[in-house]
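Q: The sequence and its predicted three-dimensional model are supplied below.
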Amino acid sequence: MFDVLKLRKMFPIYENHPDLVYLDTGATSLKPQCVLDKMNEYYQEYGVNIHRGVYHLSYLATNAYDEARQKCADFLNASFEEIVFKRNVSEALNFIALTYGEEYLQEGDVVITSELEHHSSILPWMKLCERKKASLRYVKLDSEGRITIDNFKKALDSKVKIVALTYVSNVLGYITPIKEIINLSHKIGAKVIVDAAQAVAHFKVDVKDLDADFLAFSSHKMMGPTGIGVLYGKKEILKKIQPLEYGGDMNDEVCLDSVTIKEIPYCFETGTPAIAEAIGLGRAIDLINELGYDNIKSHCESLKKYALEKLKDIEGITLYNPHCDLPILAFNINNVHPHDAATIFDEANVCLRAGHHCAQLITKWLKVLGTLRATFYIYNDYHDVDRFVESVKECVAFFKQFEGDNYE
Amino acid sequence: MNNIQNLYRQVIMDHYKNPRNKGLKGYPHVHLKNPSCGDDITIEANVVDGVIKEIRHNGSGCSICCSSASVLTEVLQGKTVEEAKEIIEKYFSLMKGEKITDEDVLEEALVYEGVSQFPARIKCATISWKALEKLLNGEQDEQ
């Protein structure tokens, strides 16, 4: 178990806001000092461009950047050349749709996705299907809102060429049985693209074990900086796709009317990249390794259990995912719009998300206008849960005053 | 009265639960949405000879958003277009927490004074007023 007090000292935002109850890690995590220091180290000690200068500092910068890529590769159990840096998952998934999708999806083909997806795991495929006269097929969710193997099998047939699914729902906190889904998809020759945005902060993601074709995650949801994310692609698939963008750094030889390109992954990264951010992400990965997924998991699991136990006794709320796998709780105060409720939480310095969480389809599936969402991570403790539960009660009581004869 | 009580006044919650002039009649309208929170409001107005004879609203959203559409219809119905534009301007100033003269012309809309303490909610309180402002400036959505 963590020493949370010691752990919180690693996150300087708590010094500036000692009273903060941060329950919005699902949107972005807090950033530890060691990541900020690592980024500063780059800017202060060897803050020059990479892959260009033939001088010592440039060598140092290039080395640090390459080291970060290797850390990402080890993190996912992939190889160096299979890691492409992108800004975030949204950019990575769009990239796959615009390269692999554009090249290989044909008229009449089917892309499978689900109503649990974040918009960035649906919209690139929706627009691609429109262009290709292909169709988008949604896996039916079970009564709790989960993607199940049974329902996936029903959606799968020989027309399916691409399967784009989330590893963990950002609204309901369910883990998708993605390994089996990949196995089934490969049997009919479909490629699987995994959105691992909510997964990497919580458990080991092993692309070899999963046999994923593509997988993407964002640095900022796992204590790394914003502006950088990772696209993993299988070597043999990456080698078959053409770059989306041309320009500096990605080319090999440039002639008057032709260009040859670098090998993977460099051919997919043009222009000066987010160097400090990549190096910062590398440090965040080290931190996760230092903390250990087992510890992260048991800490988050105990917070989740404690919160669920406390919420159970509160009348006047609806919890949409009492059996969530990860500490992502979606709920509403009955008869209160989530944005009205959010203001009460905000007054108590409890930060949580209100609305559709960039996943309008699951909000519609739940038949609500939006939800409140509280997500817990390593820097949260029981006291945070207590403050959160207090605010829930306060919120219920506050809006109760407007009920009654005059207001029904 | 604390900030929260000042934000959620009884009048506001009453307009939220019992909206006035709700339901569209087919007059010229403007539809505005705030995709980040889901507020979705349509305002229509029947303007005859420079006078706003009737304002209707429809849509969904939080209590601040829906109630302010209802309050708007009561405050601005019967006003001339010019008067209404001035009142709308004053309402926007109220949202920013600015001192305003002749605040009485805002009538019941003055209860939204507390919103200025909640910058994240200003959009909710102004979406219907922005829709009417567009409408009075000659913009309108297709039927």
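A: Here it is on my side, so go on.
Q: The strand or helix carrying residue A:136 - contacts with which helices or strands?
A: Assigned by DSSP states H and E, residue A:136 belongs to strand A:135-139. In terms of contact count using 3 or more Cβ pairs under 8 Å, 6 or more residues apart in numbering or on different chains; DSSP states H and E, strand A:135-139 is assigned the packing partners strand A:110-114, helix A:123-132, helix A:149-155. All C-beta atoms are positioned from the backbone trio N, CA, C, and that covers glycine.
Q: Chain B is nearest to which of the ones you listed?
A: Nearest to chain B among these is helix A:123-132; the distance by Cβ to the nearest Cβ comes to 13.0 Å.
Q: got the angle for that closest one vs strand A:110-114?
A: Per axes from the mean of the first three to the mean of the last three Cα atoms, to 10 degrees, the angle that helix A:123-132 makes with strand A:110-114 is 160 degrees.
Q: looking at the helices and strands packed on strand A:135-139, which is buried most?
A: Most buried of those, by mean neighbour count (mean count of other Cβ atoms under 10 Å in any protein chain shown): strand A:110-114, with a mean of 24.
Q: Could the C-alpha coordinates of that strand be exported in CSV?
A: Provided in CSV are the C-alpha atoms of strand A:110-114 (Å, rounded to 0.1, in the frame of the first residue of the first chain):
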residue,chain,number,x,y,z
VAL,A,110,-17.5,-3.1,-42.3
VAL,A,111,-15.8,-1.3,-39.4
ILE,A,112,-16.8,-2.5,-35.9
THR,A,113,-16.9,0.0,-33.1
SER,A,114,-19.1,0.5,-30.0
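Q: Can you give the contact residues for it?
A: With contact meaning Cβ atoms under 8 Å, 6 or more residues apart in numbering or on different chains, strand A:110-114 is reached by A:105, A:121-122, A:125, A:128-129, A:134-139, A:141, A:147, A:152, A:155-157, A:159-166, A:190.
Q: pLDDT averaged over it - what is it?
A: Averaged across strand A:110-114, pLDDT comes to 98.
Q: What strands line up against that strand, and which way round?
A: Sheet neighbours of strand A:110-114, with direction, are listed as strand A:135-139 (parallel), strand A:160-166 (parallel) (DSSP bridges).
Q: Could you tell me which residues of chain B lie near chain A?
A: Proximity of chain B to chain A is confined to B:3-4, B:7-8, B:10, B:13-14, B:17-18, B:36-39, B:60-64, B:118, B:120-121, B:124 under the rule Cβ under 8 Å from any Cβ of the partner chain.
Q: Narrow those residues to those that are buried.
A: Buried members of the residues of chain B next to chain A, scored by 16 or more other Cβ atoms under 10 Å in any protein chain shown, are B:4, B:7-8, B:13-14, B:17, B:37-39, B:61-64, B:118, B:121, B:124.
Q: so what's residue A:191 bridging to?
A: residue A:162.
Q: returning to what we had before: buried residues, the strand holding residue A:136. List them.
A: Buried, per 16+ other Cβ under 10 Å, within strand A:135-139: A:136-139.
Q: Looking at the buried ones among the residues of chain B next to chain A, which are in strands?
A: Cross-referencing these against strands under DSSP state E gives residue B:39.
Q: Show me which residues of chain A are close to chain B?
A: A:337-340, A:343-344, A:346-347, A:354-356, A:369-370, A:398-399, A:402, A:406-408.
Q: Please tell me how far the residue nearest to residue A:268 when sequence neighbours are not counted sits from residue A:165.
A: What sits nearest to residue A:268 in space, not counting adjacent residues and going by Cβ to Cβ, 6 or more residues apart in numbering or on different chains, is residue A:84, at 4.7 Å. Using Cβ to Cβ, to the nearest Å, residue A:84 is found at 20 Å from residue A:165.
Q: on that earlier part again, between the buried ones among the residues of chain B next to chain A, which is closest to residue A:266?
A: Lowest distance from residue A:266 to those (Cβ to Cβ) belongs to residue B:37, with 41.3 Å.
Q: Backbone dihedrals for the closest one, both of them.
A: The phi/psi pair for residue B:37 (degrees, to the nearest 10) reads phi -120, psi -10.
Q: Surely it touches residue A:337?
A: No. The criterion here is Cβ atoms under 8 Å, and residue B:37 misses it with residue A:337 at 9.1 Å.
Q: Mind listing the shared neighbours of those two?
A: Here residue B:37 and residue A:337 share the contacting residues A:370, B:61-62, scored by Cβ under 8 Å, 6+ apart.
Q: which residues sit in contact with residue 4?
A: Went with chain A since none was named. Residue A:4 touches A:299, A:378-381, counting by Cβ under 8 Å, 6+ apart.
Q: right idea, wrong chain: chain B
A: So residue B:4 contacts A:343-344, A:347, A:398 (Cβ under 8 Å, 6+ apart).
Q: Then residue B:32?
A: B:40-43, B:127-128, B:130-131, B:134.
Q: again with residue B:128
A: Residues in contact with residue B:128 (Cβ under 8 Å, 6+ apart) are B:32, B:41, B:43, B:57, B:65, B:68-69, B:72.
Q: Apply 7 Å and report the result again.
A: B:41, B:43, B:57, B:68-69, B:72 (Cβ atoms under 7 Å, 6 or more residues apart in numbering or on different chains).
Q: I'd guessed residue B:115 sits against residue B:126; true?
A: No. Contact criterion Cβ atoms under 7 Å: residue B:115 and residue B:126 do not qualify, at 8.5 Å.
Q: residues shared between the contacts of those two?
A: By Cβ under 7 Å, 6+ apart, residue B:115 and residue B:126 have these common neighbours: residue B:95.
Q: Show me where chain B has its helices.
A: B:3-7, B:10-17, B:63-76, B:81-95, B:122-136 (DSSP state H).
Q: Using a markdown table, please lay out the strands paired with strand A:110-114 together with mean pLDDT.
A: Converted to a markdown table, these look like this (pLDDT from 0 to 100):
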| stretch | mean pLDDT |
| --- | --- |
| strand A:135-139 | 98 |
| strand A:160-166 | 98 |
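Q: Now render the ones you listed as CSV, adding distance to residue A:330.
A: Below are the strands paired with strand A:110-114 laid out as CSV (distance: least, Cβ to Cβ, whole Å):
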stretch, distance to residue A:330
strand A:135-139, 19
strand A:160-166, 15
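Q: picking up where we left off before, what about the residue nearest to residue A:268, which SS state?
A: Following DSSP: H, G, I helix; E, B strand; the rest coil, we place residue A:84 in the strand state.
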